[in-house]
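J.: Kindly return the folded structure for what I paste below:
(chains A and B)
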Amino acid sequence: MAISENALKPATIASLAPFLAIGVVAVLLPFVGNDYWAVIGTRAAIYWVLVAGLNLIVGFAGQLAIGYVALLTVGAYVTSILAAGTVLPPVPLPLCFAAAAGVGALFGVLVGLPALRLRTFYFAISTLGFATIVTQIALAWRSVTGGGVGLAGPEFPPPFNTAWGFYGLCLGAASFATWISANIAHSRFGRALVAVRDADVAAEANGISKAILLIPIFLLGGAMAAVAGGLFATLQTYITPDAFTFDLSIMFFIAILIGGRGSILGPMIGTIVLTILPEAAAPLASWSTFLYAALLLVIVLAVPGGIADLIDFKNRRAITEERMIVPKPALLPQLFAHRPTPAALTLNGVVLAFGGVRALDGVDIVVRPGEVHGLIGPNGSGKTTALNVISGYYAPQEGEARIGGDPLPAGRPELRAGLGIARTFQRPRLVAAETVLENVMIGGTISGRAGFLATLLSLPGRGRDERELEARATRALQAVGLEALAGVKAGRLQHGEQRFVEIARALMLAPAILMLDEPAAGLSSDEIRRLGELIAEIAKQGVGVLLVEHHADFIFEICRHVTVLDQGRVLAAGTPAEIRSHREVVDAYLGR
Amino acid sequence: MEYASVFSILATGLAMGAIYALVGVTYNTMYSTSRVMSFTAGQLGMLGGVLGSAFVLRLGLPLVVGFALTLACCATIGVVTEIVAVRPVLKSLDQHLYVLSTLALSLMIQQVTAIEWSTEPQPFPRVFGIGSGVWDEKFWLPIAACALVTLFLEWLQKRTLVGRAFLAVAEDNFAAQVLGLPERNLRIAGYALAGAIGGLAGFAGGELMLAFFANGGFLNFYGFVPVALGGLGNNRGSIVGGLALGLFQQAANFWVGGVFASVAVFVVFIVVLLVAPQGLFGPTTARRV
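T.: Residues are numbered from 1 along each chain as shown, chains lettered A, B, ... in the order given. Sure thing, here's the model as predicted:
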């Protein structure tokens, strides 16, 4: 069966081996170490429960949440207060942790809200502000938190009340945390997170809404941090606001950066190393913050890619030189097994002005199903701007864009994929750090059926989604002729190859309308010819193709209809033959 | 409510507000020449107080000399920020590494201060010894400093070539380079100026906030709120935002108590960010596609 085949792949075993090794060491620790090691091991496991969640936010989604110690604090206080029963009647321990997870999730989203709309620095500051305030509240709200005196952490019943018993419990929690974060990381959600981090514009064009994607991640990260907080309070046996210094936030952060963004193994090693390190450097305790900060600076400046990058030998091997892109258009019908509902794309009197410049000045275009429509014109005539209006990056000031009978919601690029509109970009927007195959799979994000929870717990839907996406992406890569490079990181490809990866990604949608922004730039004449055949075959599947190009001959050869833009206006529109003989076009643009 | 408490809220609120506003201007000045915000802005405010106290009270230097040295040191720290934490990461602005590099430098400054100076708040010298009650210099000095900086920046931008070059770099960095403006030197000058403004904020507010290492983190947050309120890069917005923040905080302090005042400020900050992401005064949208 598919699952067992997958489990036996050597690549899968190789990627699991380091985790198994760490697991074996962790299980053997009680047989070789004393109680001192039990505490250190427990602490590393607890930190990892938090870092595993934070890693999805920082390492995968690239959102710089720097005050995460605040959520650890919240979790520690909620469990301790509920378990002690000083404010409410005592609550059973599992409920304490459930409550902490709930409160942590809530605050995780609350603090994360600015990240959904704002620049990185604003989010960093808001998490920092939250961290400051939580400590202030813990100090001042004496009747509940005990103020500076603090309060006792929750106590676990046997067998978890011994050092090694509690270690076992935390190890279990850490393993669970690893498992769920890996489930998310290796799913359409994980790939979408990385796309938001490295190629946010392309992410939107593929139907990924940053808000809808990040909210469950913030909930999860907050809940995991709060549960870690409850375990931390138990380990400490007694908590005061002093126990939650900003150092911890920095440490969590460094663990992720040292490990490498977009990796799970790296941050895990980072967490373990950073938990043991201060024990070895005890005489330097008063300088620990300084050393952490200096370490952070060195990592950022010297090895921004972290450990994961240093040990990634596979991607240092040279790619075969003299590779050619040979598309196989015959494979397209398989990708369009469910034919798109034919729908014409219409621009009607669209006006868009930037200040005094009318970039689009009353543009009308109709792209019919199954037709390749060329859009040409000199630089600055408004070609790409027209694509950006259709994609929803700009809202037209007058006129409207429609697909079929429905108006396109202006300024909502993340809704285009769902309407069957796909595109490529003039400057390819790929996730350089992910493989070509993973990049193409991003194009199928909206077709996934397994929800966040099903993915988190690896219910059968997730496996089905993954297999289906992978098969379809492989087929799309074969169709554009890049299957040989499926396992290579996209950043290592040549410009022309990257354009074909973008086409494959767009094909994943089986779109009704496909917009290509200068796909032939930088290709050899053979490759241009093959590209033309590919585009013609795509149109045969019932797709309306809108093609922006500079190569006039290429346009005249494969387009059925051509629109010429000049200074934001339609200078001419018609069949290639009509355009070729249009006097103004010849004078202004084609030249003779 | 008594008049006395109204005056007290006004005096403290405006004074703290002026300090926040100046730290906000520090953020803006760094941003305008480099498109980068730095976590060292708040630390510069903290250093203004600590260095002022160190030079005048600990080393016994005359006040004027201590003041000049404080500003010079803070300007140097500004330049160090540019060299160590900003310039190396400008190439990869889209990865936002500056958030981490400036945070690291900021923590290093704070920690060295904590160890080498003191972890307890230390007294700050009287500057002129003028005024008492709500008219005490500790209240009006920050306001006067804020007014002076505002006038100075207006004069710089309107009347001097350097100021116009600053504006040009802030407006369009690339075009400014093409025009042959010494973009790198202007950036260094911008960071030196930002450092001096931050130091002035700390020095003028020294009697109010004392010479305390933890002021750095505090000012990092409360100095950024006016930037968020007023719109990034908009100095007038920051000053209005800073004064409003100071008054709001003191009023909330009076009516609902210190902790809940902080919570109120934080909530207002988040709400404003969500409702008006570009700030209340000036939009600066970046082109994405």
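J.: Would the strand or helix carrying residue A:133 count as contacting chain B?
T.: Here residue A:133 sits within helix A:120-140, counting by DSSP states H and E. Yes - for helix A:120-140, a contact with chain B is found by C-beta under 8 Å from any C-beta of the partner chain, at A:120-122, A:124-126, A:128-130, A:132-133, A:136-137, A:140. C-beta coordinates here come from the backbone N, C-alpha and C atoms, glycine included.
J.: Repeat that for stretch A:270-285.
T.: No - with C-beta under 8 Å from any C-beta as the measure, stretch A:270-285 is seen stopping short of chain B, the closest distance being 11.3 Å.
J.: Pull out the buried residues from stretch A:366-386.
T.: A:366-369, A:371-377, A:381-386 (16 or more other C-beta atoms under 10 Å in any protein chain shown).
J.: Which residue ranges of the stretch 301-450 of chain A form strands?
T.: Secondary structure of the stretch 301-450 of chain A (DSSP state E, counting those that start in this stretch): strands located at A:345-354, A:357-367, A:372-376, A:398-403, A:406-407, A:421-423.
J.: Which parts of chain A are strands?
T.: Along chain A, the stretches classed as strands by DSSP state E are A:151-152, A:238-239, A:345-354, A:357-367, A:372-376, A:398-403, A:406-407, A:421-423, A:513-517, A:544-548, A:561-566, A:569-574.
J.: got it, and the stretch 1-150 of chain B?
T.: Listed in chain order, the stretch 1-150 of chain B contains no strands at all (DSSP E, counting those that start in this stretch).
J.: which stretches of it aren't confidently modelled?
T.: Regions of the stretch 1-150 of chain B meeting the criterion pLDDT under 70 cover residues B:1-2.
J.: try it again with 50
T.: Across the stretch 1-150 of chain B, no stretch falls below the confidence threshold (pLDDT under 50).
J.: what ranges do the helices span in it?
T.: Using DSSP state H, counting those that start in this stretch, the helices found in the stretch 1-150 of chain B span residues B:3-34, B:40-53, B:63-80, B:97-116, B:137-159.
J.: Out of the ones you listed, which gets nearest to chain A?
T.: helix B:97-116 (3.8 Å; C-beta to the nearest C-beta).
J.: Quick check: residues of the stretch 1-150 of chain A near chain B?
T.: Counting by C-beta under 8 Å from any C-beta, the residues of the stretch 1-150 of chain A that sit close to chain B are A:62, A:64, A:66, A:110, A:113-114, A:117-118, A:120-122, A:124-126, A:128-130, A:132-133, A:136-137, A:140-141.
J.: Pick the most deeply packed of the helices of the stretch 1-150 of chain B.
T.: Between the helices of the stretch 1-150 of chain B, the one whose residues have the most neighbours on average, counting mean count of other C-beta atoms under 10 Å in any protein chain shown, is helix B:40-53 (a mean of 31).
J.: got the angle for that helix vs helix B:63-80?
T.: Using axes from the mean of the first three to the mean of the last three C-alpha atoms, to 10 degrees, the direction of helix B:40-53 lies 150 degrees away from that of helix B:63-80.
J.: Kindly export helix B:40-53 (C-alpha atoms) in PDB.
T.: Extracted C-alpha coordinates of helix B:40-53, given in PDB (Å, rounded to 0.1, in the frame of the first residue of the first chain):
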ATOM      1  CA  THR B  40      18.500  50.600  20.100                       C
ATOM      2  CA  ALA B  41      16.300  53.700  20.000                       C
ATOM      3  CA  GLY B  42      14.900  53.000  23.500                       C
ATOM      4  CA  GLN B  43      18.400  52.100  24.800                       C
ATOM      5  CA  LEU B  44      19.700  55.500  23.600                       C
ATOM      6  CA  GLY B  45      17.000  57.200  25.700                       C
ATOM      7  CA  MET B  46      18.100  55.100  28.700                       C
ATOM      8  CA  LEU B  47      21.800  55.900  28.100                       C
ATOM      9  CA  GLY B  48      21.000  59.600  28.000                       C
ATOM     10  CA  GLY B  49      20.000  59.400  31.600                       C
ATOM     11  CA  VAL B  50      22.700  56.900  32.800                       C
ATOM     12  CA  LEU B  51      25.600  58.700  31.000                       C
ATOM     13  CA  GLY B  52      24.300  62.100  32.300                       C
ATOM     14  CA  SER B  53      24.300  60.800  35.800                       C
END
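J.: now the angle from it to helix B:3-34?
T.: Computed with the same axes, to 10 degrees, the direction of helix B:40-53 lies at 120 degrees from that of helix B:3-34.
J.: Residues of the stretch 51-200 of chain B that sit close to chain A?
T.: That would be B:84-85, B:88-89, B:92, B:95-97, B:99-101, B:103-108, B:110-112, B:115, which are the residues of the stretch 51-200 of chain B within reach of chain A (C-beta under 8 Å from any C-beta).
J.: Swap in 10 Å and give it another go.
T.: Of all the residues in the stretch 51-200 of chain B, those in contact range of chain A (C-beta under 10 Å from any C-beta of the partner chain) are B:84-85, B:88-89, B:92, B:94-112, B:114-115.
J.: domains for chain A, by residue range?
T.: Segmentation of chain A into domains, based on automatic domain parsing, reads A:1-32, A:39-311, A:329-590.
J.: Contact partners for the closest residue to residue B:131 other than its chain neighbours?
T.: For residue B:131, the nearest residue in space outside its immediate sequence neighbours is residue B:137; the separation is 5.0 Å by C-beta to C-beta, 6 or more residues apart in numbering or on different chains. Taking C-beta atoms under 10 Å, 6 or more residues apart in numbering or on different chains as the definition of contact, the neighbours of residue B:137 are B:126-131, B:144, B:204, B:207-208.
J.: export those to CSV and tack on distance to residue A:274?
T.: Listed next are the contacts of residue B:137 as CSV, based on distance: C-beta to C-beta, whole Å:
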residue, distance to residue A:274
B:126, 46
B:127, 45
B:128, 50
B:129, 50
B:130, 52
B:131, 51
B:144, 47
B:204, 40
B:207, 41
B:208, 38
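J.: Looking at neighbours, which among those residues is most surrounded?
T.: Neighbour counts for the contacts of residue B:137 peak at residue B:204, which has 31 neighbours (criterion: other C-beta atoms under 10 Å in any protein chain shown).
J.: isn't residue A:503 right next to residue A:520, touching?
T.: No - under the criterion of C-beta atoms under 10 Å, residue A:503 makes no contact with residue A:520, lying 11.4 Å away.
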